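K.L.:
Pasting a predicted model and its sequence here:
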Amino acid sequence: MDTVHYHEARKFEILKKPIPEIKDDEVLVHVRFCGICGSDEHIHSGELFADIFPLTPGHEISGEISKVGSAVTELAVGDKCVVSPIITCGNCFFCRRGNEVMCIKMVGYGVTRDGGLSEYVVVNEKNVHKFKNISFQDACLIEPTSCAVFGADRLQLPVGSSVLVLGAGPSGLILSQLLKVNGASTVVLAANKGVKTALAQEIGAADVYVELDRADPEAQWAKLKVDYPYGFDAVVEATGSEAIVNRSIDYVRRGGSLLLYGVYGPKAQVHWPPSKIFLDQITILSSFAQRYTFPRAVEYIESGKINVKGMVTDVFELKDYQAALDKVSSRDALKVVVKTSA
Ligand SMILES: [Zn+2]
Ligand SMILES: [Zn+2]
């Protein structure tokens, strides 16, 4: 089978490997598509985790089951499936307190062990979730959706809240839709003008759209202040941009919440006056991963309540993985996926 094989950071080749063997509690997934996201860029440059190479990356996996181990009970050959990439130890300080997303020994398919940029991947049965009525391509959006569901759980939005979502990447579009059906009376989506904000409007991701001018967005930021003088009950920062996260706090209503949901560079800094957070009683939250939210993510996408049609903007062959990575870092793609099998 063909795989993307990293020898070390920035050094990969497309390697032919034998199809791996499975253990009793594992399944062999014939991967159809694998989504690429910002963390794959960090894996490429070696700045996300230490000592992960050699590695086959890819954690937004969709495919079908081609073999099941003898102890597998919930899955069968031919099932269409996605993979929850996170594996927690169940035994560390945090796992023992039921806070598995904070597991200090967390590992993951496509992050610290071989993932889906390959024709086949071996996965523990517990990490595999079935789906039925969506395409393999769209199913690559289930993993980001499950992270968004986890983030929405953390936010605990009261009914009738006003929400500002900053950023119209896949996460921004999914969170907008999720909050729209879970407590928000109004969702305002603000993002740079371009292909992403155009799609946001096409699928009706929010109620109000603010298109920021890339070169000089000051007029739009000022208008947002005029239109919403009391700010928003919740602001979701989903750009990962240092400039925007710094600004985001200015749009949180007194008593409101700010959810940090971008992948921020290790050197990015925020400069917020603690007196504002203190006097305005602002709650600052973050969410970066998920546990136990895959089943809900599958249902949201299958029901269409979260519409992912059109979010996959670019499809690459496995052999063109470098081009896929380049596209992710460009500004004109939404979800980039790699077609791993014919
Ligand atoms: Zn991802
Ligand atoms: Zn643990």
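P.N.:
In hand now; what should we look at? Ligands and ions are numbered 1, 2, ... in the order given.
K.L.:
make it CA atoms for all contacts and neighbour counts henceforth
P.N.:
Noted.
K.L.:
mind listing the helices for the stretch 151-300 of the chain?
P.N.:
170-180, 195-203, 218-227, 242-248, 274-279, 294-303 (DSSP state H, counting those that start in this stretch).
K.L.:
Could you point out which of those sits nearest Pro85?
P.N.:
helix 294-303 (10.4 Å; CA to CA).
K.L.:
So what touches the helix or strand following the closest one?
P.N.:
Counting by DSSP states H and E, the next helix or strand C-terminal to helix 294-303 is strand 312-317. Strand 312-317 has contacts (CA atoms under 8 Å, 6 or more residues apart in numbering) with 137-138, 323-324, 333-340.
K.L.:
In helices, which of those fall?
P.N.:
Using DSSP state H, 137-138, 323-324 are the members of those that sit in helices.
K.L.:
most packed of the helices of the stretch 151-300 of the chain?
P.N.:
Each of these was assessed for mean neighbour count using mean count of other CA atoms under 10 Å. The highest is helix 170-180, with a mean of 26.
K.L.:
Return the list of helices and strands in contact with that helix.
P.N.:
helix 142-155, strand 161-166, strand 184-192 (3 or more CA pairs under 8 Å, 6 or more residues apart in numbering; DSSP states H and E).
K.L.:
Helix 142-155 and that helix, what's the angle between them?
P.N.:
If you take axes from the mean of the first three to the mean of the last three CA atoms, to 10 degrees, helix 170-180 sits at 50 degrees to helix 142-155.
K.L.:
how distant is helix 170-180 from the center of its chain?
P.N.:
11 Å (CA atoms, centre = their mean, to the nearest Å).
K.L.:
Not counting sequence-adjacent ones, nearest residue to Val29?
P.N.:
Ile65 (4.6 Å; CA to CA, 6 or more residues apart in numbering).
K.L.:
sorry, back to before: quickly name whichever of the contacts of strand 312-317 is closest to Ser257.
P.N.:
Leu334 (26.8 Å).
K.L.:
Against Pro20, how distant is the closest one?
P.N.:
Leu334 sits 32 Å away from Pro20, going by CA to CA, to the nearest Å.
K.L.:
Neighbour count for these two, which is higher?
P.N.:
Between Leu334 and Pro20, counted using other CA atoms under 10 Å, the more crowded position is Leu334 (23 against 10).
K.L.:
Would you map out the domains in this protein?
P.N.:
For the chain, the structural domains run 2-141+311-339, 148-286, going by automatic domain parsing.
K.L.:
Report the spatially closest residue to Val82, excluding sequence-adjacent ones.
P.N.:
Per CA to CA, 6+ apart, closest to Val82 is Ser62, 4.6 Å.
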